[in-house]
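K.L.:
Provided below for reference: sequence and predicted model.
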Amino acid sequence: MHIALENIRKLQHNGQPEQALQQAQELLRQQPQHADLHYLAASLHDGRGEEAAAIPHYLQALELGLSGHDAASAWLGLGSSYRALGQYREAEQALLEGLHHFPEDKALQTFLAMVRYNLGKSKLAVESLLKLLAQTSGDEDIRRYEQAMRFYAQDLDKTW
C-alpha cells in the first residue's frame, strides 16, 4: 500500500491530479478503511476545487485515526472546505476541533480567524490575527510594537 500511496503522491506533484484521483478512488474501493488514502483523496478533490467531495474523505480519514502533520492538515482542509461552501458554523467547529488536537498550529488559528469574520465575529477575528502577527512576524517594525499589539489585542474597543 505504501508504494501505491507514493505513486499517487508523485502523480499529484507532477501535475497529474486526474490520474492521481482515479488511482486513489480505485484503491479506496479495495481498502475503504485506510485513513491515509482518504486524506489523499480529500486533498486531491480539494485541489480541484471539489470541496463538497473532499469533506467526506477528510471526515473519514480523521475518524479512522489519521495522525501527525496529516491530521492537522486534514482538520484545516475540512474547515477550509466547509468555509468555501459557506458552511461557517461547521467550519468553525472543525477548526476548533483541530486546534484542540494541535493548539499551536498557526494555519488552523488563521483559518479560524477567517471563519469568525464570516460569522460576524470580527472583533474576535482581528484580536486573534493581531496576536498571531505579533507572535510570528519577523518584520522589525512589527517586532518593535509586539508588546503593544498583544496588549491592544486583548480588547480592541477599550479607550483610556
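P.N.:
Done, it's in.

K.L.:
Would you map out the domains in this structure?
P.N.:
2-120, 122-160 (automatic domain parsing).

K.L.:
Dump these to CSV, plus mean pLDDT.
P.N.:
Compiled in CSV, the domains of the chain are given as follows (pLDDT from 0 to 100):
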stretch, mean pLDDT
domain 2-120, 97
domain 122-160, 94
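
K.L.:
in the chain, which spans are helices?
P.N.:
With DSSP state H applied, the chain shows helices at 2-13, 17-30, 35-47, 51-63, 68-84, 88-101, 106-118, 122-136, 140-144, 146-153, listed in chain order.

K.L.:
what separates the last one from the chain centre, distance-wise?
P.N.:
In this view, helix 146-153 has its centroid 26 Å away from the chain centroid, taken as C-alpha atoms, centre = their mean, to the nearest Å.

K.L.:
How about the longest one?
P.N.:
Here the centre of helix 68-84 is set off from its chain's centre by 3 Å, with C-alpha atoms, centre = their mean.

K.L.:
which residues are contacting it?
P.N.:
Helix 68-84 is contacted from outside by 36, 39, 42-43, 46, 51-52, 54-55, 58-59, 61-62, 66, 88, 90-92, 94-95, 97-99, 101-102, 105, 107-108, 111-112, 114-115, 118, using C-beta atoms under 8 Å, 6 or more residues apart in numbering. Every residue, glycine included, has its C-beta placed from N, CA and C.

K.L.:
With respect to burial, which of the domains of the chain scores highest?
P.N.:
Highest mean neighbour count of the domains of the chain: domain 2-120, a mean of 18 (counted as mean count of other C-beta atoms under 10 Å).

K.L.:
measure it end to end?
P.N.:
When the termini of domain 2-120 are compared using C-alpha to C-alpha, to the nearest Å, they are 44 Å apart.

K.L.:
cool, and stretch 63-73?
P.N.:
Taking C-alpha to C-alpha, stretch 63-73 runs 14 Å from one end to the other.

K.L.:
Tabulate the helices of the chain (a markdown table), appending distance to residue 159.
P.N.:
Listed next are the helices of the chain as a markdown table, based on distance: least, C-beta to C-beta, whole Å:
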| stretch | distance to residue 159 |
| --- | --- |
| helix 2-13 | 52 |
| helix 17-30 | 52 |
| helix 35-47 | 43 |
| helix 51-63 | 42 |
| helix 68-84 | 33 |
| helix 88-101 | 29 |
| helix 106-118 | 23 |
| helix 122-136 | 14 |
| helix 140-144 | 23 |
| helix 146-153 | 11 |
